[in-house]
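1. Sharing a model prediction with you, sequence too.
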Amino acid sequence: MIKLKEHLRKYWLKVVFFLGVVGPGIISANADNDAGGITTYSIVGAHFGTKMLWVLLIITFSLAVTQEMGVRLGLVTRQGLGGIIREHFGIRWTAFAMLLMLIANMGTITAEFAGVSASLSMVDVSKYWSVPLAALAVWLILYKGSFKTTQKIFLMFSAFYIVYIINGFIIGPDFGQAVKDMVTPTIEWTTPFLLTMIALIGTTITPWGQFFIQSYVVDKGLDVKHYRAEKGEVFLGAFITNIVSFFIIICTAATLYKHGIQITDAKDAAMALEPLAGRFAQFLFAFGLFSASMLGAFILPVATSYALCEAFGWDSGFDTNWERGKVFYAIILASIIIPAAIVLLPGISLIKIMILSQDVNGILLPFILIFVILLLNNKKLMGKHTNTVLGNILSWGTVLFIIAATVALVVTSILGINA
Amino acid sequence: MPYLSDLLNNKVWDSADDKVGYLEDVIVEPKPGEYVPLKYLAIRKHRKGHLIFVPYKYVENFTKEEVSLKTRLAKIPYLTSVDHNCIFLRQNVLDQQIVDISGARVVRVNDLRIGEFEGEMSVLGIDVSFKGILRRLGIEWLDFFGLAHVHFIDWRQAQPIHGTLKLDTVSKNLNRLHPADLANIIETLNVRHGSKLVTSMDSESAASVLQEVNPHLRKSLVKYLGPEEASQIVAKMSVEEIVDLAKSMHREDADLLLSSLKQRKLKDVERLIHYPNNTAGGLMMVNFMMLRPEWTVLHAVSEVKKKSSEFDSLVYAYVTDENGIFMGVVSMRNLLISSKDKTIKGIMKPVAKKTIIRVNEPIEEIVKTMTKYNLYMGAVLDEDNKMVGVISIDDIMRHLVPNA
């Protein structure tokens, strides 16, 4: 008995220790697999099989590189991205960058609430109940509760993604084909393909992720000495999250795509888990989608508000009182209420919200990345920590690739090429 | 009265209505607590050319509508560089963070108000309002209900953080703030700017500010300052704070930092450093007012007067024998009202055993004891009843609410 207790204690210590060292890289990467993420990856697999895996492979590197750039910028300047943009590009560019971030983040938060709604509707809870309650819960916990603890709890829930990996092995998909698709770029010049591809990029590398990782580094008071460790952690995070994405895609490809099922709501996406969970697949998926959505719904309003307040010089932080911090609180409230209200519009397609918001993220991402890249090549600011040639090639490559894809998307939709 | 943002990038004309260039920046030489007159205009002659600096006395008009010079440019002895006391309003102040001394907080500069003060064009106010943002973006009309109000900080109440100000300028201004407020300001800044503020103060004020900063940031600040700068400041800190700091650092870093301490202080630090943080030993102050039982009240009072400056506050004196064994306490009130020829032994109060704090007692116990018996100071004894320190309710609060 005593031995068991001791054992448990040791085990818990390990869990606590693990959570203690989980850094920005892993949190940020993990939060990428949010409502928009799960949906997008499911659709990528269900509608296009393993054809887009090559994109996933490339953006794993892009994600690692851009997140590492965020960490480095944070370590060297000790300032959030909003603040540096303001100080280096002046107020007009700041307003521009902040507007883009705001639009992208609002879209993503809407996707999170759509995720909450979609997951709970699988257990027959109407969205008119689930969404207002979730919004209220988010606000109350942010305002009264502990942000850090909550974040850790939902982060633990995101271990749910392991089921996709196990599921993947149970299905026993064609790994040979998957690897082949990973290294042979195929592209279809149609609107649905391009739209899904941009969403795939936009859900993996996000504007908010760029802001988040940098302010995380700054808040933790890390310094350049920690650079190597942080770099490793960021690379690890990018790798882990995209392993999960990889398995979501091959699971949906081997189940839904094979039978020609298009995803129109969350129930369809859940079917991919049936080989593992049988009739519990719906529950399991609902649980995973719910916790992923809530994690995002917690982090994003706060991240948005911090970034805006830093750029425009408003008092921020939960330790400020209402009078001083009214803008800070107002932004948080607005970025909870407006997205929740959008989801409550009758007859709106939750799946469309979840994927289109990722497109918005993807389309706006290059502009935020350009700011980041320019800052990282500023010798006066970065000293000996400016970007390497390889970093520049990869990050500019990402920017150009997305812009090209967006242009192609516009062209195909004007020409009406849908299949 | 114009705003800086109205003037920047305006064309600059000379007396013959020839275009000289574009207004790139405005330069002042700041003095603490004063409005400063404009000193030079920085003018860019061509899009990519070098800056020239025209002394302000050659300026004829300086308004939103027109920026012009009194004579031809050729007749003006303009400069091509300025000395390092000067700050550039656009480059060093606009869009940067400043410390608002009257509000004790950090704000971002949205615009600068320029106007005449005692016959000279000077920077008068710093616009930190939302209205200022709208104006800079050229979308002031958005506020058609007039909801946004301009809010200025008096230039004399502001302190740039980046600027290349001389050090004494900075500290003179900031010294008007309470160390705890300054600490809060430093906490809102990033470490680079925060440490710049710390170094700009004399080491005594820096030490008292550093004591108020939260422990985590303090560690980073000290690291950032480097051993040389840091050890000067640390030397002025109290033994307890040094111990806390040393405990939070790596062994070698701590040793390096402590190596420059005076022998006596170092001994105290080394003695304390072995007590865990959440016990009486880790929380207590080692410096307390000590009296001998055989002293007269008169002698005791003169001792208190002599030593008084060593303590932040002085409520009780503690009576110990020649071996340092604890005997009792004397309150300052008691000392004040007792007749001068009585002995300390005669007026001291013995202390109930229950209200004594043991050096290895955990904080939860101390809190209970101090709350139950309404203590705001407690004597800390070791196993042999030797008095080793005192704990105030303040030390406990600090431990329980570290981020205030």
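-> Done, it's in.
2. what about stretch B:252-270 and chain A, touching?
-> No - using CB under 8 Å from any CB of the partner chain, stretch B:252-270 never reaches chain A; the gap is at least 11.2 Å. C-betas here are computed from N, CA, C, even on glycine.
3. Got phi/psi on the residue in the stretch 101-250 of chain A positioned nearest to chain B?
-> Chain B sits closest to residue A:221 of the stretch 101-250 of chain A, with a gap of 4.4 Å, by CB to the nearest CB. Dihedral pair for residue A:221: phi 70, psi 30, per degrees, to the nearest 10.
4. Determine the number of other residues adjacent to it.
-> For residue A:221, the count of nearby residues is 19 (other CB atoms under 10 Å in any protein chain shown).
5. so where is the stretch 201-350 of chain A shaky, pLDDT-wise?
-> For the stretch 201-350 of chain A, applying pLDDT under 70 flags no range at all.
6. picking up where we left off before, skipping its backbone neighbours, what lies nearest the residue of the stretch 101-250 of chain A closest to chain B in space?
-> residue B:220 (4.4 Å; CB to CB, 6 or more residues apart in numbering or on different chains).
7. Compute the distance between that neighbour and residue B:235, please.
-> 20 Å (CB to CB, to the nearest Å).
8. same question, residue A:275
-> Per CB to CB, residue A:275 is found 69 Å from residue B:235.
9. just residue B:256 next, same as before
-> Taking CB to CB as the measure, residue B:256 falls 13 Å from residue B:235.
10. try residue A:74
-> Residue A:74 is 32 Å from residue B:235, by CB to CB.
11. Ok, residue A:39 next?
-> According to CB to CB, residue A:39 and residue B:235 sit 60 Å apart.
12. Compare those two (neighbour count), which wins?
-> residue A:39 (31 against 17).
13. Please determine how far the more buried one is located from residue A:292.
-> Counting by CB to CB, the gap from residue A:39 to residue A:292 is 10 Å.
14. Show me whatever sits in contact with both of these two.
-> Residues within reach of residue A:39 and of residue A:292 at once, by CB atoms under 8 Å, 6 or more residues apart in numbering or on different chains, are residue A:115.
15. Would you point out which residue of chain A is nearest chain B?
-> In chain A, the residue that lies nearest chain B is residue A:313 (2.4 Å; CB to the nearest CB).
16. My read is that that residue contacts residue B:129, right?
-> No - taking CB atoms under 8 Å as the definition, residue A:313 is not a contact partner of residue B:129, at 9.8 Å.
17. Which strand or helix spans residue B:31?
-> Taking DSSP states H and E as the definition, one finds residue B:31 inside no helix or strand.
18. Check residue A:142 too.
-> Going by DSSP H and E, residue A:142 is part of helix A:127-144.
19. Who are the contact partners of the nearest residue to residue B:271 once chain neighbours are set aside?
-> Setting aside the residues directly before and after it, residue B:271 is nearest to residue B:286 in space (CB to CB, 6+ apart), at 7.5 Å. Residue B:286 is in contact with B:239-240, B:268, B:271-272, B:388-389, counting by CB under 8 Å, 6+ apart.
20. who wins for most neighbours among these?
-> The most crowded member of those, judged by other CB under 10 Å, is residue B:389 (27 neighbours).
21. Wait, a strand at that one?
-> Yes - judged by DSSP: H, G, I helix; E, B strand; the rest coil, residue B:389 forms part of a strand.
22. Please consider this matter closed, and thank you.
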